[in-house]
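In: Show me the folded form of this:
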Amino acid sequence: MAKAIKANLKIKIKGGQASAAPPVGSTLGQYGVNMMDFINPFNEATKEQMGQDLTVHIIIYEDRTMNWRFVGTPTDDLIRKALGIQKGSGKPNSEKISKKLNQNDLRAIAETKARDMNTDNIESIIKQVAGTARSMGVEIE
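Out: The predicted structure is shown next:
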């Protein structure tokens, strides 16, 4: 029989830098789980992504055990980093960003995101990344 789920959480944490301070400590503490059972394995698993923003999905069960997985850096963060900009356009349909994303950068971002996507087809992932770029007001070369 499956365990009863108490909470299904999503937290943004920098890779390799989880600590008992907020947001980890305050979020996990309210469910009565041992936060060190999350912090140490998370920091070990994400030491290669040190300092990158990662989204962590945590499932907490009624017996105070948990499962977690992390998803890489969000696509919009990768696009902003590639272009060297602080934010996307507030009106992406009418006001475009002056910098354009080239095909090489687009493919590099897609290859980075491939681990987190539900497809192995790199062309499909490129289309998804291009859609995110368009929604930010970024044009593709």
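In: hey, where'd the helices end up in the chain?
Out: 24-29, 36-45, 75-83, 103-113, 122-135 (DSSP state H).
In: what's in contact with the longest one?
Out: Contacts with helix 122-135, where a contact means CB atoms under 8 Å, 6 or more residues apart in numbering, come from 75-76, 78-79, 88, 92, 101, 106-107, 109-111, 113-114, 117, 119, 139-140. In short, each C-beta sits where N, CA and C put it, glycine included.
In: what do you get for stretch 4-23?
Out: 24-25, 27, 31, 35-36, 38-39, 42-43, 46-62, 64, 70.
In: Report the distance from that stretch to the chain centre.
Out: How far stretch 4-23 lies from its chain's middle: 12 Å, per CA atoms, centre = their mean, to the nearest Å.
In: First-to-last residue distance for it?
Out: Start-to-end span of stretch 4-23 (CA to CA, to the nearest Å) is 24 Å.
In: Pull out the buried positions in stretch 105-120.
Out: Asp105, Leu106, Ile109, Ala110, Lys113, Ala114, Met117 (16 or more other CB atoms under 10 Å).
In: what's the answer for stretch 96-104, then?
Out: So stretch 96-104, judged by 16+ other CB under 10 Å, has buried residues Lys96, Ile97, Leu101.
In: Now do it: everything it contacts.
Out: 79, 82-85, 88-89, 130, 133, 136-141.
In: out of those residues, which are buried?
Out: In the contacts of stretch 96-104, the ones that pass as buried (16+ other CB under 10 Å) are Ile79, Ala82, Leu83, Ile85, Gly88, Ser89, Ala130, Ala133, Met136, Gly137, Val138.
In: hang on, the fifth one packs against Arg80?
Out: This means Gly88. Yes. Gly88 lies in contact with Arg80 (CB atoms under 8 Å); the separation is 7.3 Å.
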